[in-house]
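Undergrad: Build me a model from this:
(2 chains)
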2 protein chains.
Amino acid sequence: MTVDPRITPLATSLPATVPFVGPEAQERASGIPFVARLGANENGFGPSPEALAAMQAACVEVWKYPDAESHDLRGEVARQFGVTPDNVIVGEGIDTLLGTLCRLFLSPGDIAVTSAGAYPTFNYHVAGYGARIETVPYTGDYEDPERLIARAREFGAKLIYIANPDNPMGSHHRGCVIEKMIANVPEGALLILDEAYVELAPNGTAARIATEDSRVIRLRTFSKAHGMAGARIGYGISAKPVIAAFHRVRNHFGMNRVSQIGALAALQDHPHLEKMRVLVMRSREKLAAIAEDNGLTALPSATNFVTIDCGRDGDFARRVLAELTARGIFVRMPFVAPQDRCIRVSCGPQEDMLAFAGALPAALKAAHAAS
Amino acid sequence: MTVDPRITPLATSLPATVPFVGPEAQERASGIPFVARLGANENGFGPSPEALAAMQAACVEVWKYPDAESHDLRGEVARQFGVTPDNVIVGEGIDTLLGTLCRLFLSPGDIAVTSAGAYPTFNYHVAGYGARIETVPYTGDYEDPERLIARAREFGAKLIYIANPDNPMGSHHRGCVIEKMIANVPEGALLILDEAYVELAPNGTAARIATEDSRVIRLRTFSKAHGMAGARIGYGISAKPVIAAFHRVRNHFGMNRVSQIGALAALQDHPHLEKMRVLVMRSREKLAAIAEDNGLTALPSATNFVTIDCGRDGDFARRVLAELTARGIFVRMPFVAPQDRCIRVSCGPQEDMLAFAGALPAALKAAHAAS
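TA: Now for the predicted structure:
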């Protein structure tokens, strides 16, 4: 298609790509609905019943605009983290918060550092503001804090991205490793600590961060442990000047009112979160057992997905993925070698596990046959 | 507060202001809850029962991410407007669509043209991308298409904004006036036609636009006639290259899934929209009668609000507004003279009309006493 000649040189320079093709788009392309939706690390166990009830009740008052300040939700986050509401920003999911951080911290030509094969939506937003990505490889199947810091120092990076636990590998560092990383963030850089999965990780994974430490922003979401990906809501915690910067450019009335109310209820339902940790742990064990039954190796996971080493190269894993997809199982996989020897399967209810277990043997057989 | 020294020169240059202070923030500041919420042109008649039921049902599947393509909703919009889905973009309300248009079409130093006193969130986004606003005054209480076009030509503007019907004056042009405006859009500019209120306007207000006319983008919302402001969902219709540009920078998974489903149901509930037109028309008549009972003049309205001329200057109208606010009535008013001689009151259910009618005489008396 012709590029509109009026759009800016920056926008013109961007590729017309999307970070991900969603499962609905895949279903429309193939004409076959998925039997199990295990590719986007959604949480098929669903939201807290308290959150669900709060959202359904809130639909009645959907005629009201949201509270532009997300006052009640920021207050609860502040209370739980022992910070002030001015240390908290609420946004339309981590994706939006990442986009706003790129807009605030990156001028055209600036550098952001991430791991090769880490969350691609960060890279999308970096490019979208005319900045450039520099990467370091994973070390083993772990993001490498020291190399990330060294690369940031080498290039004078403005932003550094790390996810702990990591997506797509499911690995994690102990909080103290991240704390050491924070201590080494170069002057002039901000560390983005994506803790999307941390509620499902072993205790001690979340870094302890001083309230006014401006070297880092911690990002959390309601999409994973809280089972509310469709509600598009997450939050960031950092020093007050970092949070204040958001208010200069953000879409003040952008939050969905129903999501604000549901998120508050979810955050207050501690028993449900504890239950979810158990459900996800059992599902991880189930996925590991399915992998083992098929001669594959499940990597340790601190998330609501299990990354399964298919034992050969990326081409083979891509065939396994294609064969699973053809059998109605929506899964994804890492983009970069050697991590792309794996497929990534989300945790979910028993029926999804059974569907995956049922499809995997034939998918593997077909993938081997095509080799 | 200290500005974070790492944010970009552009972000540093922006004022730390917000386009609007919301009613919840006002309530927290005053300690007094509003009795009637008539300041943000929300629709207190609420959403279609079909949409409400669809949203409440969709909450159960809020664990799923949204369809990044908003396929079903775009398809229905396309069907109703006689265009293709590739002529339609869905976004998190008109505010987000305005922000993305500014990002796509404005480089730092570029010019956008609007009317002095028109929708301030457009100006906020223009500034947010380092561009500059040039304004023309209202002519009477109407936005002036010819002067907007002339100003755009004079400054080589990249974007031109007009709302039809207009907010905050409630006035409207017939569609044919806008069609003539479109014909005169200068080369290199895009006209943003904000039709947020058009479903509530007389027939013939919506401009007829050829599907592939790339001189204009039409914006619609579910916040007004459809009573779903808290759902943050709207759409734009334009030529395919204009729509395609959005995909280069937009937050692909940014839409709320519940809102997508509710909006589709709302769009298909034609009887409810017809009923809403009647309810809003009656409420406008009621507001006009209340104004007349108090010796004030209601301006004609093609929207879900009535702009009431308080008969004196801006200082007087600001006193009336303050006195109404102190009596628990949330209303707003135009920002710019001579339109700021008015207050702007949203339509709403009978109890809100009674609350406004009850508070206005004393508010006027107090405002006069302070003069």
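Undergrad: which outside residues touch stretch A:50-62?
TA: Outside stretch A:50-62, the residues within contact range by C-beta atoms under 8 Å, 6 or more residues apart in numbering or on different chains are A:46-47, A:226, A:228, A:231, A:257-259, A:261-266, A:268-269, A:272, B:46-47, B:52, B:55-56, B:59-60, B:62, B:227-231, B:258, B:262. Every residue, glycine included, has its C-beta placed from N, CA and C.
Undergrad: Now that stretch: buried residues?
TA: Using 16 or more other C-beta atoms under 10 Å in any protein chain shown as the test for burial, stretch A:50-62 gives A:Glu50, A:Ala51, A:Leu52, A:Ala54, A:Met55, A:Gln56, A:Ala58, A:Cys59, A:Glu61, A:Val62.
Undergrad: can I get those residues in JSON lines with pLDDT?
TA: As requested, these are exported to JSON lines (pLDDT from 0 to 100):
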{"residue": "A:Glu50", "pLDDT": "98"}
{"residue": "A:Ala51", "pLDDT": "98"}
{"residue": "A:Leu52", "pLDDT": "98"}
{"residue": "A:Ala54", "pLDDT": "98"}
{"residue": "A:Met55", "pLDDT": "98"}
{"residue": "A:Gln56", "pLDDT": "98"}
{"residue": "A:Ala58", "pLDDT": "98"}
{"residue": "A:Cys59", "pLDDT": "98"}
{"residue": "A:Glu61", "pLDDT": "97"}
{"residue": "A:Val62", "pLDDT": "98"}
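Undergrad: what's the farthest-apart pair in those?
TA: Greatest spatial distance among these (C-beta to C-beta): A:Glu50 and A:Val62, at 19.0 Å.
Undergrad: ok so, going back, strands - which of the contacts of stretch A:50-62 land there?
TA: Among these, no residue falls in strands (DSSP state E).
Undergrad: where exactly do the strands run in the stretch 101-250 of chain A?
TA: Using DSSP state E, counting those that start in this stretch, the strands of the stretch 101-250 of chain A run over A:111-115, A:132-136, A:159-163, A:190-194, A:216-221, A:234-237.
Undergrad: Dump these to TSV, plus distance to chain B.
TA: Formatted as TSV, those follow (distance: least, C-beta to the nearest C-beta, whole Å):
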stretch	distance to chain B
strand A:111-115	12
strand A:132-136	15
strand A:159-163	9
strand A:190-194	6
strand A:216-221	11
strand A:234-237	12
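Undergrad: Dump these into CSV; add distance to B:Ser346, mean pLDDT and mean neighbour count as well.
TA: Shown next, in CSV, are these (distance: least, C-beta to C-beta, whole Å; pLDDT from 0 to 100; neighbours: other C-beta atoms under 10 Å in any protein chain shown):
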stretch, distance to B:Ser346, mean pLDDT, mean neighbour count
strand A:111-115, 44, 98, 25
strand A:132-136, 47, 98, 17
strand A:159-163, 42, 98, 26
strand A:190-194, 40, 98, 26
strand A:216-221, 34, 98, 25
strand A:234-237, 31, 98, 24
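Undergrad: Quick one: closest of those strands to B:Ala366.
TA: Comparing the strands of the stretch 101-250 of chain A by C-beta to C-beta, strand A:234-237 comes nearest, at 42.1 Å.
Undergrad: Tell me how far A:Glu76 lies from A:Asp144.
TA: 35 Å (C-beta to C-beta, to the nearest Å).
Undergrad: that's a helix at A:Glu274, yeah?
TA: Yes. Assessed with DSSP: H, G, I helix; E, B strand; the rest coil, A:Glu274 lies in a helix.
Undergrad: A:Ser371: what's its closest spatial neighbour, skipping adjacent residues?
TA: A:Phe316 (6.4 Å; C-beta to C-beta, 6 or more residues apart in numbering or on different chains).
Undergrad: Assign a three-state SS to that neighbour, would you?
TA: Under three-state DSSP, A:Phe316 comes out as helix.
Undergrad: and it, what is it in contact with?
TA: Contacts of A:Phe316 (C-beta under 8 Å, 6+ apart): A:Cys310, A:Arg341, A:Ala367, A:Ser371.
Undergrad: Narrow the residues you listed to those in helices?
TA: A:Ala367 (DSSP state H).
Undergrad: Please identify which pair of the contacts of A:Phe316 lies farthest apart.
TA: Within these (distances taken as C-beta to C-beta), the two that end up farthest apart are A:Arg341 and A:Ser371, at 13.6 Å.
Undergrad: Quickly list what's touching both of these two.
TA: Residues touching both A:Arg341 and A:Ser371 (C-beta under 8 Å, 6+ apart): A:Arg312, A:Phe316.
Undergrad: ok, residues contacting stretch A:268-276?
TA: So stretch A:268-276 is contacted by A:43, A:45, A:48-51, A:76, A:199-200, A:225-227, A:266 (C-beta under 8 Å, 6+ apart).
Undergrad: More neighbours: which of A:Arg341 and A:Ser371?
TA: A:Arg341 (21 against 9; other C-beta atoms under 10 Å in any protein chain shown).
Undergrad: My guess is that one contacts A:Arg312. True?
TA: Yes. At 6.5 Å, A:Arg341 and A:Arg312 qualify as touching, with contact defined as C-beta atoms under 8 Å.
Undergrad: sorry, back to before: and the contacts of stretch A:268-276, which of them are buried?
TA: A:Asn43, A:Phe45, A:Ser48, A:Glu50, A:Ala51, A:Glu76, A:Glu199, A:Leu200, A:Ala225, A:His226, A:Gly227, A:Ala266.
Undergrad: of those residues, closest to chain B?
TA: Nearest to chain B among these is A:Gly227, at 4.3 Å by C-beta to the nearest C-beta.
Undergrad: and that closest one, what does it touch?
TA: A:Glu42, A:Asn43, A:Gly44, A:Phe45, A:Gly46, A:Pro47, A:Ser48, A:Met276, B:Val62, B:Trp63.
Undergrad: and if we set it to 6 Å?
TA: Shown in contact with A:Gly227 (C-beta atoms under 6 Å, 6 or more residues apart in numbering or on different chains): A:Asn43, A:Phe45, A:Gly46, A:Pro47, B:Trp63.
Undergrad: Turn those residues into a markdown table, including pLDDT and distance to A:His71.
TA: Shown next, in a markdown table, are the contacts of A:Gly227 (pLDDT from 0 to 100; distance: C-beta to C-beta, whole Å):
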| residue | pLDDT | distance to A:His71 |
| --- | --- | --- |
| A:Asn43 | 98 | 27 |
| A:Phe45 | 98 | 29 |
| A:Gly46 | 97 | 27 |
| A:Pro47 | 98 | 22 |
| B:Trp63 | 98 | 26 |
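Undergrad: rewinding a little: between all of the buried ones among the contacts of stretch A:268-276, which two are at the greatest distance?
TA: Longest span within these, C-beta to C-beta: A:Phe45 and A:Glu76, 22.2 Å.
Undergrad: can you give me the helices for chain A?
TA: Using DSSP H, helices in chain A cover A:9-13, A:23-30, A:49-58, A:71-81, A:93-105, A:120-128, A:145-155, A:175-183, A:240-249, A:257-268, A:270-293, A:314-326, A:350-369.
Undergrad: so what's A:Ala116 closest to, chain neighbours aside?
TA: Nearest to A:Ala116 is A:Thr135, by C-beta to C-beta, 6+ apart, at 3.9 Å.
Undergrad: Bridge partners for that neighbour, pull those for me.
TA: A:Thr114 (DSSP bridges).
Undergrad: Same check on A:Ile89?
TA: With DSSP bridges as the rule, A:Ile89 is bridged to A:Gly236.
Undergrad: Phi and psi next, for A:Arg41.
TA: Small correction: residue A:41 is Asn, not Arg. Per-residue torsions, A:Asn41: phi 50, psi 30 (degrees, to the nearest 10).
Undergrad: so the residue nearest to A:Ala116 sits right up against A:Gly117, yeah?
TA: No. Counting by C-beta atoms under 6 Å, A:Thr135 sits too far from A:Gly117 to count as a contact (8.1 Å).
Undergrad: what's around A:Glu274, how many residues?
TA: Count around A:Glu274 with other C-beta under 10 Å applied: 10.
Undergrad: Contacts only, for the residue nearest the centre of chain A.
TA: Taking C-alpha atoms, centre = their mean, the centroid of chain A lies closest to A:Ala196, which sits 5.3 Å from it. Contacts for A:Ala196 were tallied using C-beta under 6 Å, 6+ apart; they are A:Ile94, A:Thr221, A:Lys224.
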